[in-house]
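**Student:** Return atomic coordinates for the entry below.
(2 chains)
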Amino acid sequence: MKPPPFEYYAPTTVEEALAHLTSFGYEAKVLAGGQSLIPTMNFRLAQPGVLIDLNHIPELSYIRPTEDGGLRVGAMTRQRQVERDPLVAERAPLIHETIPYIAHSQIRNRGTFGGSLAHADPAAELPAVTTALNARFRARSQSGERWIPANEFFVSLFTTALEPDELLVEVELPAMPHSLNGRSGWAFAEMARRHGDYALVCVAAVVTLDGGNRCQQARLVFLSVGDGPVEAKQAMALLTGQIPTPEAIRAAAETAAQADIAPNGDIHASADFRRHLAKVLVQQALTRAFERARSV
Amino acid sequence: MSNLFTVTVSVNGKLYKRTVEPRLLLSDFLRHELGLTGTHVGCEHGVCGACTILFDGQAVRSCIMFAVQANGHELTTVEGLARDVQNLHPLQQGFWEAHGLQCGYCTPGFLMTLVPFLQENPNPTEQEIREAISGNLCRCTGYQNIVEAVKLAAEKMKETNL
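**Tutor:** Numbering: from 1, shown residues only, chains lettered A, B, ... in the order given. I've put the predicted structure just below:
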């Protein structure tokens, strides 16, 4: 229950951190909030030879508005700060609604926005929510930088598109459509055995209505039902162009639970139970999201 | 092999300087290097909350931080709450009077979680209290008396204007 020895570096600039990543490659792990990495090291499930601690790089911690109504969040911004930021509540209400579901306040005080994304735990909230929002991720390395869309960033179980010499430095959250004269709504619905536990199933929804109250676009992304965030593509297609009546929502929820996901059973919930939860949670999330869109 | 680092840290207002391996957990640093054994170690992977301390005023779990990360920071542990047994912190007094503990193993973590909570929210609802302590496990009390203790402490803190 004690971590194995490692070499420790605490760079004070991004350039310095990138230089360490270049020289150590796969041997190094980046230490952000440490709320997943350190437990894993305590269990010796992870034994990195080198830790690069980002906690001394203040330039990675910020929440900034973009001109088009979105936000840019520095990778080392604490989850607690995102939770309490009025600009996030206004411009990224889905994120604001979701963060209290992440573990407990003690964890969110340390845990970072970017750390949770780069860790890519299939049971974590932020990967699914940023996918639902079509966020983009800025990765930097010594050879330059690139933007990675959310649906390409999460590759598999604990695996992202980041190369070993790349660092996630920033997340861009696009404006919600309602701030661009559209009518959009959002919702997050989760089932966990206890408050703060890892979710059994959970879903994030973002919907847009056109002038005739038809669903222009629906984004539905699950977590805890696969190796990463899972988009409910068939349910999303089914809703598009429809008036979101309770029947239409029920049909979409049925499709999402039966056709879009293939959950595994484990000690916490059988596959059938997860499908059942998925259906109920999609109904809840879509109902609330469309209500919000109608009231804009 | 890992190299050694010097850590200078303020704990309960007192300055300490020690040389540590980077792999030393902050909880073990407090207990073994500084002899402050009030911070308890339960699960050692960030689930039970027994090791909760204040890091620059915020509740964090000391078993999933490294001591080297505390360099230059201000910590408060349960030892920092009361001057002596006659002058307990209102939360400690509340736990005592409302029987908020039995074996007491989890208590330091509960207290350190609740100190900043009551500072920010002096009039919590029962639901808010239950949410605040959701990251702390207690296997004796069934939580009922802990919730009562927090309510009592909130009353006491209002009276004393703490």
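**Student:** Could you look up the SS state of residue B:16?
**Tutor:** Classification of residue B:16 by DSSP: H, G, I helix; E, B strand; the rest coil places it in strand.
**Student:** residues touching it, list them.
**Tutor:** By Cβ atoms under 8 Å, 6 or more residues apart in numbering or on different chains, residue B:16 lies in contact with B:7, B:8, B:9, B:10, B:33, B:34. Every residue, glycine included, has its C-beta placed from N, CA and C.
**Student:** so what's the second one closest to, chain neighbours aside?
**Tutor:** The spatial neighbour of residue B:8 that comes closest, neighbours along the chain excluded (Cβ to Cβ, 6 or more residues apart in numbering or on different chains), is residue B:17 at 4.8 Å.
**Student:** if I look at the residue in the stretch 51-200 of chain A that chain B sits nearest to, how far off is residue B:142?
**Tutor:** Nearest residue of the stretch 51-200 of chain A to chain B: residue A:104, at 2.7 Å (Cβ to the nearest Cβ). As for residue A:104, its distance to residue B:142 is 19 Å (criterion: Cβ to Cβ, to the nearest Å).
**Student:** State the number of residues packed around the closest residue to chain A within chain B.
**Tutor:** Relative to chain A, the nearest point of chain B is residue B:135 (2.7 Å; Cβ to the nearest Cβ). The local packing of residue B:135 (other Cβ atoms under 10 Å in any protein chain shown) involves 24 other residues.
**Student:** so what strands line up beside the strand or helix carrying residue A:189?
**Tutor:** According to DSSP states H and E, residue A:189 maps onto strand A:183-192. In the sheet, strand A:183-192 lines up against strand A:199-209 (antiparallel) (DSSP bridges).
**Student:** domain parsing for chain B?
**Tutor:** B:5-80, B:90-160 (automatic domain parsing).
**Student:** Tabulate those domains (JSON lines), appending mean pLDDT.
**Tutor:** What follows is those, written out as JSON lines (pLDDT from 0 to 100):
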{"stretch": "domain B:5-80", "mean pLDDT": "98"}
{"stretch": "domain B:90-160", "mean pLDDT": "96"}
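**Student:** For the ones you listed, give me CSV that also has distance to residue A:259.
**Tutor:** Listed next are those as CSV, based on distance: least, Cβ to Cβ, whole Å:
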stretch, distance to residue A:259
domain B:5-80, 36
domain B:90-160, 35
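**Student:** Might you report the residue contacts of the closest residue to the residue of chain B closest to chain A other than its chain neighbours?
**Tutor:** Nearest non-adjacent residue to residue B:135, counting by Cβ to Cβ, 6+ apart: residue A:104, 2.7 Å away. Listed by Cβ under 8 Å, 6+ apart, the contact set of residue A:104 reads A:196, B:49, B:134, B:135.
**Student:** quick one: the strand holding residue A:189 to chain centroid distance?
**Tutor:** Distance, stretch centre to chain centre, for strand A:183-192: 13 Å (Cα atoms, centre = their mean, to the nearest Å).
**Student:** and if you look at stretch A:90-103?
**Tutor:** So, by Cα atoms, centre = their mean, the centroid of stretch A:90-103 is 10 Å from its chain's centroid.
**Student:** Next, the buried residues of it.
**Tutor:** Residues of stretch A:90-103 classed as buried under the neighbour-count rule (16 or more other Cβ atoms under 10 Å in any protein chain shown) are A:91-103.
**Student:** Which residues does that stretch contact?
**Tutor:** Contacts of stretch A:90-103 (Cβ under 8 Å, 6+ apart): A:35, A:65, A:69-71, A:79, A:82-83, A:88-89, A:108, A:111, A:116, A:124-126, A:129, A:132-133, A:173, A:175-176, A:179, A:186-188, A:190, A:192, A:196, A:199, A:202, A:204, A:206, B:135.
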